[in-house]
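# Here is a sequence with its predicted model. Questions after.
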Amino acid sequence: MSAVPPPRNDTGAPAASEAPAGRGGRRSVAAALLLGALGATVVLLGSGRVWARGTAAVGGGSLPVTADGQAVTDLPAALAIVGLAALVAVFAVRGTGRLLVAALLALSGLGAAVAAVLAADDRQALDAQAARATADTAAQVGALAHTAWPYVTAVGGVLILAAGLLALRHGRTWPAMGGRYERDGGARTRRPAAVDPDRPEDLWKALDRGEDPTR
């Protein structure tokens, strides 16, 4: 009894190894999209939360003051927006351009994380709030306290960085938007495959593709 031959693609080459590679490519695309979108959301959300709080002396009492992430540093939020744009653009380019955009995505995440961590113990924004609240440019905040939101924002930056690293590692195998169009904007013409009239399977394949096998 002869062994059953492995399935082959249209070129006649074995197709068994194509499925795992395709599944791996789809998984990496899904993971990068999820990590990038989630990371940008976390950064933008964390940047809008209170990062520091304290009190400003007013007369004989004190006035509570707070500073959110945007007041402390607007760099993480700006880099998150850049990362989102790069996450979309990575599917619009190919070759070296895709690697450059993937690197921009990774650097956006790294920059957002580093900026958030470096500003976690900042007090200048809170002193500025105290100066405005007391109309005293020399006023400084007292009872200074910091929240965990800078570090949550940094985690979002790390997620964007992970998406960029995935794009750098697997981006060459990802599909590109508009790949079925030529550079001049016209639809790419598909050359019909050769049909052997003595092979019924070729006739059925031509019919499945919507071609006329009698041509």
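Thanks, I have the structure now. Numbers count the residues shown, from 1 in each chain.
# so Leu104 makes contact with Ala86?
Yes: the pair Leu104 / Ala86 is scored as a contact, 4.7 Å apart, by C-beta atoms under 8 Å. The C-beta positions use only the backbone N, C-alpha and C, and glycine is treated the same way.
# give me the element Ala80 is part of.
helix 75-89 (DSSP states H and E).
# before we move on, what about Leu35?
Per DSSP H and E: helix 18-47 holds Leu35.
# I figured Asp68 was touching Gly48, is that so?
Yes: the criterion here is C-beta under 8 Å, and Asp68 meets it with Gly48 at 5.9 Å.
# Kindly confirm my reading that Ala57 is in a strand.
Yes: when DSSP: H, G, I helix; E, B strand; the rest coil is applied, Ala57 is found to be in a strand.
# Bridged to it, which residues?
Ser62 (DSSP bridges).
# What separation do you get for it and Pro64?
12 Å (C-beta to C-beta, to the nearest Å).
# Then Gly95?
55 Å.
# Show me where the chain dips below the pLDDT cut-off.
1-25, 59-60, 133-140, 177-215 (pLDDT under 70).
# same thing but 50
Counting by pLDDT under 50, the ranges of the chain that qualify are 1-2, 4, 14-19, 21, 179-187.
# can you map out the strands along it?
Applying DSSP state E to the chain gives strands spanning 50-58, 61-68, 142-146.
# Check which residues of the first one are buried.
By neighbour count with 16 or more other C-beta atoms under 10 Å, strand 50-58 contains the buried residues 51-57.
# Contacts for it next, please.
With C-beta atoms under 8 Å, 6 or more residues apart in numbering as the test, strand 50-58 has contacts from 62-69, 71-72, 119-120, 122-123, 125-126, 129-130, 133-134, 139, 141-147, 149-150.
# Give the buried residues for the helix holding Leu35.
Neighbour-count burial for helix 18-47 [16+ other C-beta under 10 Å]: 25, 28-29, 32-33, 35-40, 42-47.
# picking that back up, in the buried residues of strand 50-58, find the pair that's most separated.
Trp51 and Ala57 (21.5 Å; C-beta to C-beta).
# isn't Ala106 right up against Leu159?
No: judged on C-beta under 8 Å, Ala106 makes no contact with Leu159 at a distance of 11.4 Å.
# who's more crowded, the two?
Comparing Ala106 with Leu159 by other C-beta atoms under 10 Å, the one with more neighbours is Leu159, at 24 against 21.
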